[in-house]
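Enquirer: Build me a structure from this.
(chains A and B)
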There are 2 protein chains.
Amino acid sequence: MDLKYLFYPQSVAVIGASTKIGSVGNDIVKNLVSSGFKGKIYPVNPNADKLYDLPCYKDIKSVPHKVDMIVVAVPAKLVTSVLEDAGKKGVKSAVIISSGFKEIGGEGLEMEIEVTKICKKYHIATIGPNCLGLMNPEIHLNASFAAQMPHPGEIAFISQSGALCSAFLDYGAGLGVGFSKFMSIGNKASITEQEILEYLAQDEKTKVIMMYVEQLDNPIEFINTVSKITHGANPKPIIAIKSGRTSAGMEASASHTGSLGGDDAVYEALFRQSGMIRANSISELFDYASVFANNPLPKGKRVAIVTNAGGPGIITTDEVIAQGLELATLNEKTYTILRELLPPIVHVGNPVDVLGDAKAERYRIAIDAVLEDSNIDAVIVILTPQTMTEIEDTARVVIQARAKTQKPIIASFMGLITVQPGVKLLQSAHVASATFPEHAVNALARYWDYAKSVSEGKEPWYKTFTDVDRVKVKSIILEQKGKKEWYVPEPKAKEMLASYGLPFLRSEFVSKAEEAENFVKKINAPCVYKIVSPDIIHKSDVGGVLLNVTPEKAIEGYELILKRVKFNCPDAKIEGVLCVEMAQPDGFEFIIGAKRDKNMGPSIMIGLGGIYVEVFKDVVFGIPPITQGVAEKMILEIKSSRLLEGVRGKPQLDTEVFIDALMRLSQFLEEFPEVVELDMNPVLVLPKGQGIRVLDARIVLDES
Amino acid sequence: MDLKYLFYPQSVAVIGASTKIGSVGNDIVKNLVSSGFKGKIYPVNPNADKLYDLPCYKDIKSVPHKVDMIVVAVPAKLVTSVLEDAGKKGVKSAVIISSGFKEIGGEGLEMEIEVTKICKKYHIATIGPNCLGLMNPEIHLNASFAAQMPHPGEIAFISQSGALCSAFLDYGAGLGVGFSKFMSIGNKASITEQEILEYLAQDEKTKVIMMYVEQLDNPIEFINTVSKITHGANPKPIIAIKSGRTSAGMEASASHTGSLGGDDAVYEALFRQSGMIRANSISELFDYASVFANNPLPKGKRVAIVTNAGGPGIITTDEVIAQGLELATLNEKTYTILRELLPPIVHVGNPVDVLGDAKAERYRIAIDAVLEDSNIDAVIVILTPQTMTEIEDTARVVIQARAKTQKPIIASFMGLITVQPGVKLLQSAHVASATFPEHAVNALARYWDYAKSVSEGKEPWYKTFTDVDRVKVKSIILEQKGKKEWYVPEPKAKEMLASYGLPFLRSEFVSKAEEAENFVKKINAPCVYKIVSPDIIHKSDVGGVLLNVTPEKAIEGYELILKRVKFNCPDAKIEGVLCVEMAQPDGFEFIIGAKRDKNMGPSIMIGLGGIYVEVFKDVVFGIPPITQGVAEKMILEIKSSRLLEGVRGKPQLDTEVFIDALMRLSQFLEEFPEVVELDMNPVLVLPKGQGIRVLDARIVLDES
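Expert: Numbers count the residues shown, from 1 in each chain, chains lettered A, B, ... in the order given. Predicted coordinates for the structure are as follows:
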């Protein structure tokens, strides 16, 4: 569907245009007219002649001109017939403001399905229903019932909440943030976020996309779409706030938009794998958008701080370190310039303290010096309003610096009243500015994260293992389903996973001493012998278990275990011996799990195993397909990844095989949608070169 | 020293009053005059006749009236003689603006020591040197060189940075925050934070104290003073931002105020033990202060959210859960009221969504209903500026609600421009308001933390164990010092700690089988026998170690080990057997450590032991004296405290004895200042009733 006509219509008809002041249908026409939209506006109202000096039409069919877009504000039950008429007339886009659809369930849901069908049939690019509308400040288009129109800018905003939009417009106005496109997408009956994102990725007016997300429908597709935008040839950052992260929050979400929120840990994976940046609060969202839109990508993380006050310099330094950035070491030339600039008593360093009596000129020399410095990747300029401070002139200095450098600069003029004239200058000149210096650092740190992820490039999308036994797994699944046994018994679960190359402790049934010896020699590690007899249940009690069998003792051990069992149970029928590799103590226990959610699809979890998993909850999720890069990032995300590197003299562990296992499990989940839950716990990760061993496995199948 | 004259002087002389516009000495006189101070102002300047219509004096002695306070802005080298003269004249307080003291070291430091002496001699309550000055808006006193004067309010501010003050004044002005007292304390040559805090604790105009701290001098005293204020009969919250938390930040701090920042983990302990609330950023500091100053203490953590927009309701709910508060369940009466109030289609619950078309009256009914609800402890009112929204009237509704309830209310009118008239009304009526709803929740959560700590009351301060052997420890220390052996050998370190009741694995030297049996029976746990012979070094090689000796096998085992050793080493002189308790596998390893810092004094650390301490860095510090309450809080602070409760079928561990050990160690550190470093690692905490066992210990003494 072509979204061009949603954002750049040349003619708009308002269906449900009302003469009643204060009504939604009236506001929409008023907003279209008063925003200065240059295209045609056709109010549709069978009972009125004129509205805001525009002639009214009985219905859309009666409009005697081409109509690109309709804005619909009629009761829900009339919407489908409006769309039918519009489709027949060749309308190319629609904004459905009307509510009473999916969000109320039942009949509303049915009507929404109908809306989807009609939009598809006639190729009408539609946002809504149940939305506030959209705005394109560039062409003065306000197709919404919000009166406040933002000024044009380089940030696009997509919101799953209509009511939030009015607040965002007001925040934006106060923070000097302009928008390229601004929309509330409501129930997403026709076009999805993905389609809008793909459009905005190509939109020349948009530099940064910001989103408010309550729930996403197809995580795998979403990751695919978004990672192309965030890592593509012309990468564009997407910053989102995702609400409904707690279960109580989800409850509110369910009653709000009629959609169920997913598990937040899976959303974290979605952010990680798509390259989308997560903002944890509304203020962060604006901080990030402003810093990203008004700065080139940072090339490194070494920050210089220029300040006229020591205290804020220390506070900012703290935050630089806490956020994973680096306080730059100035080079010698910069030192020389600063020593000349500042009184001899001053300790020259970073933060560069230009002192409380600094006028704009001193700021200029210091800022120019650090921007020239090859040891510095980004600059934060802090100003406190002292008696001598030249607020506006210092703002102009920062603006000039911004114009001539390719390094990010963020200004923090501290205060809310005295500093405002300077802040306004910065905002109009598109220089990133933060009310509090800590927020400047936070935004810069996220920008650096983003710059790194862009330079890493996009993940290769698929890798398929061929050394797998699909037939065996499928036959076990069918057998289980036939028996309606949804919990797959442990040995079968192990067989299923082993068929996909997941390494369990090796074992072999033997009935001769030589066979036992061959096995023990083959695996070249201590083994356990377990007697196999239908007559013996408690093997240990009758001497039927022998630990620590080494290759040298393989024959002797075989004879010993037989002799012991025959002595204790002379009448038992002995079939042979199960030789099992012994778990090695030289590794660490991890857990690998998977679940399949109705909304979010499959996800894979890894974490520290054993008793500590409950204490530290050190787990992370990933969304299949798990590529090598995704697996590596998942592992780096858990704190216990340090165990894999080898701590305190312990050997480095076999991360490579661990990653391989995650990729194999990912393929397993993709190929067998019947698997809804899976646990491999514990998974022993052994020293490098020795692989991993799954000790126990559990699989649950879908009951259908 | 009486601080009254610092904040309520009736006459102020400005030493160094200058006729040069823009100079500090001129600004101070101008600020005193223009702020509307009703007391007498005496400019002192030997070369001028008049300044701002006031007669000038040659020196302080020439002022023919009583002078309560002097503000000093002369060069550093003149300050001491000015103070001498002032002292002789009976001046009671001083604000020394002049810099060039401790912060530049050398000569400056010497002059500062002199300043301290003179102030003490003449009982002059002095802030500075190297400060911005102080303000008392109540009496229109601006004894500083900052022009902006805050309006009177209930928040006192103490800053270790002068330059930060100008920014704080400007933030305060924008946020509608008034101040009761406002001061920059500089180098603290005369009075300390503690003295100021004690004064403010009694100050009727001050409800909340906020601080900017770079470094504190006497943590133990500080905890003592502050906990009296935060937990006393009339508790007053103290909120502080502590900078220099990272090592890079500390470097900036060192060059800034000439004082070394301490270790942040120890400061965390200081906050925890003093009951002071830590703000992590400037914006948090203001959020907290505004919410605390304008609300009664919450009685619980059940929050109701009233909003005219769903999205912000979800965002706020998320934050409520994330911050450890609870989303309240409305009671039936509230449901009934809300069902009547809202259209039937609306899902009534918490958040209470009054819908986008809510006017002030609908807000009023909803807010009154939730405030009446006994299930609700606090209310957050969210407003987004929709077309129908009555911003100012809704503000009035919140103001009326605030007047009639004893529950905390925080308003978040979302936006920066349209909502401003409402926000201004809220601010002038002293209703807490936050620009972003997440910040409202964060502040409320910290207020609830504070309310809980107040209701818990103040910690009992001392408990002294008498079952300790001071003489033994002291004699070991003296012996070590005599040998200049600062690293105490392990057996002696164990002996020192054991003398203070710290439980090591029990052991006893015996020379008879019966004695061995008595020991094993007494401890009633498996033991190890180790042969004691001057002729045998490698005990194991000659059968000189016997594991797992139970009471039943005690006699037999004794005979066995002797027989084995005699067989292998017939000529060795055998003195007897060392019986040692075996470490039990049924516990978890922790670590207990201590260090003594030049600035911060002693501190005690606990954490998870073994290899995981490096992975999870799950440690926490405490500052002696460690009372039972402090120890309990320390333990709750580490994540692995869950292991003590007994996870996954494991038994509950002996927390009681763990706590006892921390209190004993605390006493040990207080009584032996020679100990500068100490490690007990691992400390095995056994199941409840079985105590703990220190397996290894290390002590380092002060090299002096």
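Enquirer: From the contact counts, what lies against the strand or helix carrying residue A:577?
Expert: Element membership for residue A:577 (DSSP states H and E) is strand A:576-581. For strand A:576-581, the contact count by 3 or more CB pairs under 8 Å, 6 or more residues apart in numbering or on different chains; DSSP states H and E identifies strand A:507-510, helix A:513-523, strand A:527-532, helix A:554-568 as packing neighbours. Any C-beta I mention is one placed from the backbone N, CA and C, and that applies to glycine too.
Enquirer: In chain A, which helix is the longest?
Expert: helix A:437-456 (DSSP state H).
Enquirer: and it, what does it pack onto?
Expert: helix A:219-231, strand A:277-279, helix A:282-293, helix A:310-322, strand A:378-383, strand A:409-413, helix B:282-293.
Enquirer: out of the helices and strands packed on strand A:576-581, nearest to chain B?
Expert: strand A:527-532 (20.9 Å; CB to the nearest CB).
Enquirer: What lies in contact with that closest one?
Expert: Contacting residues not belonging to strand A:527-532 are listed as A:509, A:516, A:519-520, A:539, A:542, A:544-549, A:554, A:557-558, A:561-562, A:565, A:574-582 [CB atoms under 8 Å, 6 or more residues apart in numbering or on different chains].
Enquirer: Could you do stretch A:224-241 as well?
Expert: Contacts of stretch A:224-241 (CB under 8 Å, 6+ apart): A:194, A:197-198, A:200-201, A:206-213, A:271, A:273-282, A:284-285, A:288-289, A:292, A:447, A:450, A:453-454, A:456-459, A:461, B:315.
Enquirer: that older thread, could you turn the buried ones of the contacts of strand A:527-532 into a PyMOL selection?
Expert: In PyMOL syntax, the buried subset of those is picked out as below (16 or more other CB atoms under 10 Å in any protein chain shown):
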select buried, chain A and resi 516+519+520+539+542+544+545+546+549+554+557+558+561+562+565+574+576+577+578+579+580+581
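Enquirer: Of the helices and strands packed on helix A:437-456, which shows the lowest average pLDDT?
Expert: In terms of average pLDDT, helix A:219-231 trails the rest of the helices and strands packed on helix A:437-456, at a mean of 89.
Enquirer: What residues of that one count as buried?
Expert: Those would be A:219, A:220, A:222, A:223, A:224, A:225, A:226, A:227, A:228, A:229, A:230, A:231, for helix A:219-231 by 16+ other CB under 10 Å.
Enquirer: Contacts only, for the first one.
Expert: Listed by CB under 8 Å, 6+ apart, the contact set of residue A:219 reads A:262, A:266, A:270, A:600, A:601, A:623.
Enquirer: one more time with 6 Å
Expert: Contact partners of residue A:219, counting by CB atoms under 6 Å, 6 or more residues apart in numbering or on different chains, are A:270, A:600, A:601, A:623.
Enquirer: Could you chop chain A up by domain?
Expert: A:4-291, A:296-456, A:484-581, A:588-701 (automatic domain parsing).
Enquirer: Those domains into JSON lines, with extra columns for distance to residue B:190?
Expert: Output for those, formatted as JSON lines (distance: least, CB to CB, whole Å):
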{"stretch": "domain A:4-291", "distance to residue B:190": "40"}
{"stretch": "domain A:296-456", "distance to residue B:190": "21"}
{"stretch": "domain A:484-581", "distance to residue B:190": "72"}
{"stretch": "domain A:588-701", "distance to residue B:190": "47"}
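Enquirer: How far off centre is whichever helix or strand comes after the longest helix of chain A?
Expert: Remark: after helix A:437-456, the chain's next helix or strand is helix A:470-482, criterion DSSP H and E. The chain centre lies 35 Å from the centre of helix A:470-482; the measure is CA atoms, centre = their mean, to the nearest Å.
Enquirer: now the next helix or strand after helix A:470-482: mean pLDDT?
Expert: Counting by DSSP H and E, the next helix or strand C-terminal to helix A:470-482 is strand A:487-488. Taken as a whole, strand A:487-488 has a mean pLDDT of 92.
Enquirer: Please state the offset of strand A:487-488 from the chain centre?
Expert: 33 Å.
Enquirer: what's in contact with it?
Expert: Contact with strand A:487-488 is made by A:480, A:699, A:700, as judged by CB under 6 Å, 6+ apart.
Enquirer: strand partners of it, parallel vs antiparallel please.
Expert: Strand A:487-488 sits in its sheet next to strand A:697-701 (antiparallel), going by DSSP bridges.
Enquirer: just to revisit the earlier point, out of the contacts of strand A:487-488, which is most surrounded?
Expert: residue A:699 (28 neighbours; other CB atoms under 10 Å in any protein chain shown).
Enquirer: so where is chain A shaky, pLDDT-wise?
Expert: A:245-262, A:457-462 (pLDDT under 70).
Enquirer: Geometrically speaking, which residue is the centre of chain A?
Expert: The centre of chain A sits closest to residue A:271, judged by CA atoms, centre = their mean, with a distance of 1.1 Å.
Enquirer: need the residues of the stretch 1-150 of chain A near chain B, please.
Expert: Contacts of the stretch 1-150 of chain A with chain B, taken as CB under 6 Å from any CB of the partner chain, map to residue A:27.
Enquirer: Go again with 7 Å.
Expert: A:22, A:27, A:104, A:145, A:147, A:148 (CB under 7 Å from any CB of the partner chain).
Enquirer: which of those residues tops the neighbour count?
Expert: residue A:145 (27 neighbours).
Enquirer: Whichever strand or helix holds residue A:157 to helix A:282-293, inter-axis angle?
Expert: Element membership of residue A:157 [criterion: DSSP H and E] is strand A:152-159. Inter-element angle recorded for strand A:152-159 and helix A:282-293: 140 degrees (by axes from the mean of the first three to the mean of the last three CA atoms, to 10 degrees).
Enquirer: now strand A:152-159 against helix B:310-322, angle please.
Expert: Here strand A:152-159 runs at an angle of 70 degrees relative to helix B:310-322 (the same axes, to 10 degrees).
Enquirer: tell me what strand A:152-159 is packed against?
Expert: helix A:162-175, strand A:179-184, helix A:193-202, strand A:208-213, helix A:282-293 (3 or more CB pairs under 7 Å, 6 or more residues apart in numbering or on different chains; DSSP states H and E).
Enquirer: which one of the ones you listed is the most hemmed in?
Expert: strand A:179-184 (a mean of 27; mean count of other CB atoms under 10 Å in any protein chain shown).
Enquirer: can that strand be found next to chain B?
Expert: No: remark: strand A:179-184 sits outside contact range of chain B, by CB under 7 Å from any CB, the gap being at least 9.6 Å.
Enquirer: Show me what that strand is packed up against.
Expert: Checking 3+ CB pairs under 7 Å, 6+ apart, strand A:179-184 ends up next to strand A:133-136, strand A:152-159, helix A:162-175.
Enquirer: With distance to residue A:347 as new columns, can these be given to me in TSV?
Expert: Output for those, formatted as TSV (distance: least, CB to CB, whole Å):
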stretch	distance to residue A:347
strand A:133-136	51
strand A:152-159	40
helix A:162-175	35
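Enquirer: Now name the helix or strand holding residue A:525.
Expert: Going by DSSP H and E, residue A:525 is not in any helix or strand.
Enquirer: Tell me the spacing between the spatially closest residue to it that is not a sequence neighbour and residue A:492.
Expert: Among residues not flanking residue A:525 along the chain, residue A:581 sits closest, at 5.9 Å (CB to CB, 6 or more residues apart in numbering or on different chains). From residue A:581 across to residue A:492, the span is 20 Å (CB to CB, to the nearest Å).
Enquirer: can you check residue A:525 too?
Expert: Distance of residue A:525 to residue A:492, computed by CB to CB: 26 Å.
Enquirer: how about the residue nearest to residue A:693 when sequence neighbours are not counted, phi and psi?
Expert: Spatial nearest neighbour of residue A:693, chain neighbours left out: residue A:684 (4.6 Å); criterion: CB to CB, 6+ apart. The phi/psi pair for residue A:684 (degrees, to the nearest 10) reads phi -90, psi 120.
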